[in-house]
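Asker: The amino acid sequence is not available; the structure is as follows:
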């Protein structure tokens, strides 16, 4: 009886799984080629990927095709407490449906693909630092207990693996529960999050003198990311950049 080596056995097992469970579109469920974590052609066209000329601070797409770096009007009016930022997609249409399923629908199976989108968006700002540390925006323990996972941490873990960077999922903590910010004004969001995110007392030293890439799922006004970036700077991070899965267009963000 012939025995398969480890690699051959894994390939055979993957082939059997693919026959039993053909890969499906992450959004509509249609059969797709090329393996799991894919979108069909129709759904792919409905996801608004952000590319070309983008804002150096928040990653929103900008008109024109200049060399950059440039900043959007919102970031010029309200400078962010981080250096550079990127976003993978716009928070609308099919992209918004994916995020809602991932965040509120227990679709943790989407994390590898969505994390890969975040990693791709972050490459221009992550490629020049060998000491890069990737850190997710934290959830308060009560919300984590209810949801059972931190979607930002899943994205950060996937992105760190693809970028070859160090990863610390609990470097930051939420010191108090905060309400859902949807519907709140920009000022109210910042006031609600003031002091709500702190470095973990036993992890803070990991950020000292390092370049840190902060990961979250969605950026609206940037209030949550601002609170987290300020906490990282307080922990001694040399530089803080941010990368998010999706960016809400500034004209849709609240005043």
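Answerer: Perfect, thanks for sending it. These numbers were taken from a predicted model, which means no experiment stands behind them.
Asker: helix or strand right after the lowest-mean-pLDDT helix or strand in the chain?
Answerer: Here the helix or strand of the chain ranked lowest by mean pLDDT, DSSP states H and E is helix 6-20, holding a mean of 52. Per DSSP states H and E, the first helix or strand lying C-terminal to helix 6-20 is helix 41-46.
Asker: pLDDT on that next one, on average?
Answerer: Averaged over helix 41-46, pLDDT sits at 92.
Asker: Which elements pack onto it?
Answerer: helix 93-104 (3 or more Cβ pairs under 8 Å, 6 or more residues apart in numbering; DSSP states H and E). C-betas here are computed from N, CA, C, even on glycine.
Asker: got the angle between the helix or strand that the helix it packs on is followed by and helix 93-104?
Answerer: Following helix 93-104 in sequence order, the next helix or strand is helix 111-126 (DSSP H and E). Counting by axes from the mean of the first three to the mean of the last three Cα atoms, to 10 degrees, helix 111-126 lies at 110 degrees to helix 93-104.
Asker: on contacts alone, who are the packing partners of helix 111-126?
Answerer: Helix 111-126 is packed against strand 85-90, helix 93-104, helix 151-163, strand 211-219, strand 239-247, with contacts defined by 3+ Cβ pairs under 8 Å, 6+ apart.
Asker: wait, which of the ones you listed is closest to residue 38?
Answerer: Evaluated over the helices and strands packed on helix 111-126, closeness to residue 38 peaks at helix 93-104, with 12.2 Å, by Cβ to Cβ.
Asker: hmm, who's touching that closest one?
Answerer: 26-27, 39, 43, 46-48, 89, 91, 107-108, 110-111, 114, 151, 217-218, 245-246 (Cβ atoms under 8 Å, 6 or more residues apart in numbering).
Asker: What are the buried residues along that helix?
Answerer: 94-99, 102-103 (16 or more other Cβ atoms under 10 Å).
Asker: Low-confidence bits of this structure, can you list those?
Answerer: Applying pLDDT under 70 to the chain picks out residues 1-21, 34-37, 127-129, 181-184, 251-255.
Asker: ok, now how distant is residue 70 from residue 236?
Answerer: The gap separating residue 70 from residue 236 is 30 Å, by Cβ to Cβ, to the nearest Å.
Asker: which residue sits closest to residue 209 in space, ignoring its chain neighbours?
Answerer: residue 238 (5.3 Å; Cβ to Cβ, 6 or more residues apart in numbering).
Asker: How about the contacts made by residue 107?
Answerer: Neighbour list for residue 107: 98, 101 [criterion: Cβ under 8 Å, 6+ apart].
Asker: Now with 6 Å, please.
Answerer: Contact analysis of residue 107 by Cβ atoms under 6 Å, 6 or more residues apart in numbering lists residue 101.
Asker: Also residue 175?
Answerer: By Cβ under 6 Å, 6+ apart, the residues touching residue 175 are 196, 198.
Asker: Next, count neighbours for residue 133.
Answerer: A count of nearby residues for residue 133, using other Cβ atoms under 10 Å, gives 20.
Asker: check contacts around it.
Answerer: Here residue 133 is in contact with 166, 210, 212 (criterion: Cβ under 6 Å, 6+ apart).
Asker: Could you point out the bridge partners of it in the sheet?
Answerer: Note on residue 133: beta-bridge partners by DSSP bridges are residue 166, residue 212.
Asker: between the buried residues of helix 93-104, which is closest to residue 121?
Answerer: Nearest to residue 121 among the buried residues of helix 93-104 is residue 95, at 12.4 Å by Cβ to Cβ.
Asker: Tell me how far that closest one lies from residue 114.
Answerer: 10 Å.
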